[in-house]
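*Asks:* Sequence first, then the predicted structure, then my questions.
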Amino acid sequence: MATNTLQDEIQKKQNTIRADLLKDDQKESEEISKVIDLIASEDQYSDLISTKGIFTKEEVIQAAKFALKAKPYDITVRHLKVSDSPIYYKMGKNQKLESRGRFKRKDLDDMANLLIKRAQDLNDELKAEKRRQDSADLEELVTVAGTMEIGEKINEEEASMLAESRQVDDYESSKIIDRIMSDNTHADNLDLYFNGKIIDMEIEENKNLETKKLEVSDRAKEKDAKLSAEEKEKHLKEKADEENKTKLADERARKKYFSIIDSCLSNEIPSLSKYKRILDEKLVSILEDKRNEYYNNSNKTDGEIVKALRPEKERLVAKYNKMLTNYKKLYDAVKNGEMAPEVLKLFLNSTLMNSDCESERVLYRFLMRPKGELEVPTDKEDDSYKETLTNCALSTHIKGEKYIQMQVSGGRTVNPTTFIGVAIKEKMLPTTANPANRTEAVKTSFNVMWSFIHFYGGKRSMADRRLYFSCKPKKEEAMVRIWWDTLKDFKNLENIYFKIGGNTNFDRREKIVFYISNEMKFSEIEPFLQKFSENCKAEGVLEDQDNSVITGKLLQPGIAFAIEPNLKILREKVDNGWLDREELDEMRQLDNPKAKPGVNDYRYSYNMYVNKALILSASIAKKKLNLTRNDKISDHKEQMLPLMKRYFADFMKLAGSDPRTMEVDKNE
C-alpha cells in the first residue's frame, strides 16, 4: 500500500534533479495540462477522453493532471497515499473504487495516461498549425506593404496649361525675379552659363582684380616682387593648366546636366502609384532584411518574429503614409494647376538638385557680387577691419557659453584653434603658429581668415529664416562696430546666431547674416533692426537698394529677408528609392574626377537654392518657347520672364516658402 504523499516524493527528488532539466519538464507538463483544459472545454475534442464507461470525464481529467504534476519528478502516482490523491482515488483495501465493480486505481491511471498521450499529440498538431499560421502571418507581414491607396494619374498637358494661366506678378517671389533681372547683367550671366563661357569671364575679372590688388596693396606688391620672372611664368602656366582642366571638366558636367534636364522634361511626372510602389518596395526590403537578421542571429520562432516586427512595420507604414500624403499634396497641386508639372519633374531628380558644376558655382558668385566696379581694400583698411572685428569678438564671445566658429571649405565650421591647423596646411600661417590660449587663437585665426566667422551663444538653435545686411564700399568696419554696439543694448538677443565676413568681403553683397531661430518671433527683433538701421543711417553705412541682397525679400535698402530652404521632400527621396546613385556619382565625377561618392544631403544655403532655381526656371522657359540654350535671354525677356516667375514661385514653394510673401509657409 502506498505510504508517501506526492509532496513527500517531490521533496526527496528535488535535490537530485538538475534545476534546468526540472524547469523544462515542468514547463512541458504545464503546457500539456493547458491542452487538457482545452480538450475539456471544446466539444470537438471530447472523444479524446476515454472513460471505459465507468469513469467520469472529470475523474480522468483530474487523474491526468495529477499525473502531470508528478511527471517532472518521475513519480508513479498509483504508489502514492490515497490521502494525497484526488477525491476519487480514495479506494478500499484492494484499491478498488467504491461501487465501480472490478475496476481499480490502475485502470484510472491508464485512462489518465492515455489522455496525456492524446493531449501531447494534439499539442504537436496545434503547434504545427501555429507554426504554419505564424509562417503565413510573417510572410504577409513582410511582403504586403500595407501603405495607403491613392489616386489616379494626371493629364500633364492640361495641368501645364492651367499652371501657365496663373497670375503671379504681385507675388514677392516675382519681385525678386524683377530685381535680379532689372538690367541685363544677370540675364547675360545666365546666357554665359548656358553657352559655357562664364568661367572665361570670371578668369578675366579675376585678372583685373589681381591688377587692382597690386595697385593698392603693399603686401601684394611685396609678394609679387619676391617672385622671379621664371617663378611667375611657372605660376602662370600652372594656373592656366588648372583653368583648362576646370573648363574641360565643366564642359562635360554641364552637358550631362543639360541632358538630365531634357530627359526629365520629356518623361512623365512620377505618378502617385509609382511613388507608392517605390515606397512599398523599400518597406518590404527593410522588413525582409530584419526578418533575415532574426533568422541568422536569434532562435526566435516565426510567431516571435511576427510579434517583434509588427510594431516596426506599423512605424514604417505610418512614416511612408505621411510621405505619400506629402507627395500627394504636390501631385494634387500640379493636377489643380497650382504648380507647373515641369518644375516638380526637375525637383524630384536627385542629381539635378544635389550636384552642380563650376559654371553654376561661378554664376552663384556673380549673383552675390555687387553691381559695378569692385573697390579693392588697401592693406590698412583690411587690417583695421580685422582689428575691429577681433576686438568686438573678444568683448562678447570669449568667455562662458559663447562660441566662435570659422567657416572653411565645404561650408564646414571649426573653432579658432582647429582653424589654425587648417591655415598652416594652406601655408597661410607658419608651422610654428601655436597660440597659448583661446584669446590668442582668436587673434591669430582672425588675422588670416578669408571666409565667414560664425558667432552664437549657448546651444545653437535651428533656424528657419535669415536676414542679410549689406553696406556701402569701405563701410564694412563701421557696420561691424555698429552691429556690436547695438547688440549690447538688447539683452534678449545676446545669444543670437550670426556670421560676419572674416575680411572686408568686398566682392559679396551680404556682409552680415543673422539666422532667426524657429522659436523666435520676428516682433522680438524688430526693435533691434530699427535701432541698428538708425545707427547705420547716421553714418551712411547701409547699402542702397540696387546693391542690397537682391535674392531675398527687401525690407529696406541694405536689409533683406529670406527663409532657410526646407527640402523635406528631397531628403525623403534618399530613403525611398528616388535617388539614382549611379547618375549622381557620374555627375560628380565629371565635375571633379577626384570626387568620392557624395552624400545625398541637399545642403543648400538660400542663395545657392535661388541660383539653382533660376537655372532650372530658365531651362523650362526656354524649352516651353522652343528656344535653344544658346538663344539669349535678353533677346526674349518679354516672353521668358512671365514663365520664369511662375516656375521660380513653384521652386520657392517646394523649399518651404510661401511665394506670395516669401515667408515660411505655415501650411507645409
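*Replies:* Received the coordinates, thanks.

*Asks:* if I look at residue 224, how far off is residue 557?
*Replies:* Shown here: residue 224 relative to residue 557, a distance of 38 Å by Cβ to Cβ, to the nearest Å. Placement of C-beta: from N, CA and C, glycine included.

*Asks:* Which one of the two is surrounded by more residues?
*Replies:* residue 557 (16 against 13; other Cβ atoms under 10 Å).

*Asks:* Quick check: the more buried one touching residue 541?
*Replies:* No. Counting by Cβ atoms under 8 Å, residue 557 stays clear of residue 541, with 10.9 Å between them.

*Asks:* Residue 467 - that's part of a strand, no?
*Replies:* Yes. Counting by DSSP: H, G, I helix; E, B strand; the rest coil, residue 467 is part of a strand.

*Asks:* Tell me if I'm right that it and residue 561 touch.
*Replies:* Yes. Using Cβ under 8 Å, residue 467 is in contact with residue 561, at 5.8 Å.

*Asks:* which residues are common contacts for those two?
*Replies:* Shared contacts of residue 467 and residue 561, defined by Cβ atoms under 8 Å, 6 or more residues apart in numbering, comprise residue 555.

*Asks:* Please determine how far the most centrally placed residue in the chain is located from residue 579.
*Replies:* By Cα atoms, centre = their mean, the chain has its centre lying nearest to residue 571, at 4.8 Å. Noted for residue 571: a distance of 10 Å to residue 579, by Cβ to Cβ.

*Asks:* One more: residue 469?
*Replies:* 37 Å.

*Asks:* Looking at those two now, which is surrounded by more residues?
*Replies:* Just comparing residue 469 and residue 579: by other Cβ under 10 Å the higher neighbour count belongs to residue 469, 27 against 17.

*Asks:* Skipping adjacent residues, who's closest to that one in space?
*Replies:* Excluding its sequence neighbours, the residue lying closest to residue 469 (Cβ to Cβ, 6 or more residues apart in numbering) is residue 512, at 4.1 Å.

*Asks:* same thing with residue 29?
*Replies:* Nearest one to residue 29, counting by Cβ to Cβ, 6+ apart, is residue 68 at 4.3 Å.

*Asks:* what's the answer for residue 496, then?
*Replies:* Leaving aside its chain neighbours, residue 496 sits nearest to residue 514 (6.6 Å; criterion: Cβ to Cβ, 6+ apart).

*Asks:* again with residue 654
*Replies:* What sits nearest to residue 654 in space, not counting adjacent residues and going by Cβ to Cβ, 6+ apart, is residue 347, at 5.3 Å.

*Asks:* Now residue 657: phi and psi?
*Replies:* Note on residue 657: its backbone torsions stand at phi -110, psi 150 [degrees, to the nearest 10].

*Asks:* Can you report how many residues neighbour it?
*Replies:* Residue 657 has 27 neighbours, counted by other Cβ under 10 Å.

*Asks:* do you know how far the nearest residue to it once chain neighbours are set aside is from residue 362?
*Replies:* Leaving aside its chain neighbours, residue 657 sits nearest to residue 563 (4.6 Å; criterion: Cβ to Cβ, 6+ apart). Residue 563 is 25 Å from residue 362, where distance means Cβ to Cβ.

*Asks:* Also residue 129?
*Replies:* 71 Å.

*Asks:* Please say which of the two ends up with more neighbours.
*Replies:* For residue 129 versus residue 362, the count of surrounding residues by other Cβ under 10 Å is larger for residue 362: 22 against 10.

*Asks:* Surely that one is in a strand?
*Replies:* No. Assigned with three-state DSSP, residue 362 falls outside any strand and is helix.

*Asks:* check contacts around it.
*Replies:* 193, 198-199, 201-202.

*Asks:* Filter the residues you listed down to just the buried residues.
*Replies:* Listed as buried from the contacts of residue 362 are 193, 198-199, 202; burial here means 16 or more other Cβ atoms under 10 Å.

*Asks:* Going by distance to residue 351, which of these wins?
*Replies:* Relative to residue 351, the closest of the buried ones among the contacts of residue 362 is residue 193; by Cβ to Cβ it sits at 17.7 Å.

*Asks:* you'd agree that closest one is up against residue 363?
*Replies:* Yes. Assessed by Cβ under 8 Å, residue 193 is found in contact with residue 363 at 4.7 Å.

*Asks:* Touching both of those two, which residues are there?
*Replies:* By Cβ under 8 Å, 6+ apart, residue 193 and residue 363 have these common neighbours: residue 615.

*Asks:* Strands along the stretch 351-500 of the chain, start to end?
*Replies:* Ranges of strands in the stretch 351-500 of the chain, per DSSP state E, counting those that start in this stretch, are 402-407, 413-414, 452-457, 463-469, 497-501.

*Asks:* in the protein, which spans are strands?
*Replies:* For the chain, the strands defined by DSSP state E cover 402-407, 413-414, 452-457, 463-469, 497-501, 512-517, 553-556, 559-563, 657-658, 663-664.
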